[in-house]
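Asks: I would like the atomic coordinates for the input below:
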Amino acid sequence: MGAPHEPEFQTKVLTTGLNLLLADGTPPLLVDFPEDAPVSVNQRDEQEAWVCPVSFPPPPEQGSEIQKALLEEIKTLAPWYDVAVQNNKRTTFGLSGLSIEDAARFIIRVSEGSTENPITSMTFAEAIKRSVEDIKAFYLEAIAAQPSGATSKDLYSWLWQETAAGKLFGQLQPICAADDDPQMQYLARQSLIPRPAYR
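Replies: Below is the predicted model:
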């Protein structure tokens with residue numbers, strides 16, 4: 001909701017949230033708000049100097065190397081994710097019902113052409129969507145647990161530009177788009193690739 005006495009921004013947040021009640025899609029529905037909350041001059045100075053506290057090697061280009069890097073990133077971030085859960089007393093991770101490692105391995109298999117669905121209570125497309133959302137939540141909550149003064153745009157830019165997870169999600173988009181299933185095509189259009197500002 002941002003800082004106090006920002007009625008214009010707060011109205012946008014409330015309106016966007018209420019409009020989700022009219023949106024298509026199967027609950028839970030997760031949507032990124034397109035703006036960062038207004039910040040003070042002091043906060044802005046801190047954010048302009050933001051440097052990610054976790055440094056990963058540049059995401060590799062080859063499939064097997066990306067997969068290995070993804071599992072290494074998860075291992076590195078796990079302690080920080082635990083700190084986030086302890087501090088926040090909650091998490092948005094868990095939509096798929098899979099562990100973070102199993103969600104990652106599932107997405108890896110999909111990127112290799114597998115159509116095996118480990119979540120029998122969901123369609124294949126829904127299982128992919130929820131697993132991807134779980135991985136995003138794990139990464140973003142872990143990195144946000146570290147003192148950094150980062151904005152949500154900083155965090156999403158880090159996820160999509162500097163991690164193997166972001167690289168792998170990008171590779172899923174053409175796979176889903178080429179599928180005959182309308183749910184997979186919708187997933188490719190709406191859920192996998194972020195807004196241009198984050199790329």
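Asks: I'd guessed Leu172 sits against Phe106; true?
Replies: No - between Leu172 and Phe106 there is no contact under CB atoms under 8 Å: 11.2 Å. C-beta here means a position set from N, CA and C on the backbone, and glycine is covered the same way.
Asks: what touches both of these two?
Replies: Ile128 (CB atoms under 8 Å, 6 or more residues apart in numbering).
Asks: Which one of these two is surrounded by more residues?
Replies: Shown here are Leu172 and Phe106; by other CB atoms under 10 Å, Phe106 has more neighbours (24 against 20).
Asks: so who does that one touch?
Replies: Ser96, Leu98, Pro118, Ala127, Ile128, Ser131.
Asks: and the helix or strand where it lies, which residues are buried?
Replies: Using DSSP states H and E, Phe106 maps to helix 100-111. Buried positions in helix 100-111, judged by neighbour count with 16 or more other CB atoms under 10 Å: Ile100, Ala103, Ala104, Arg105, Phe106, Ile107, Ile108, Val110, Ser111.
Asks: Downstream of the helix or strand bottoming out on mean pLDDT in the chain, the next helix or strand is which one?
Replies: Lowest mean confidence among the helices and strands of the chain (mean pLDDT, DSSP states H and E): helix 41-48, at a mean of 48. Note on helix 41-48: by DSSP H and E, the next helix or strand toward the C-terminus is helix 63-88.
Asks: Please compute how far that following helix lies from its chain's middle.
Replies: How far helix 63-88 lies from its chain's middle: 13 Å, per CA atoms, centre = their mean, to the nearest Å.
Asks: could you check the angle helix 100-111 makes with that helix?
Replies: Here helix 63-88 runs at an angle of 150 degrees relative to helix 100-111 (axes from the mean of the first three to the mean of the last three CA atoms, to 10 degrees).
Asks: which other helices and strands contact helix 63-88?
Replies: helix 100-111, helix 124-144, helix 164-177 (3 or more CB pairs under 8 Å, 6 or more residues apart in numbering; DSSP states H and E).
Asks: Please give me every residue in contact with Ala23.
Replies: Ala23 neighbours (CB under 8 Å, 6+ apart): Leu29, Val31.
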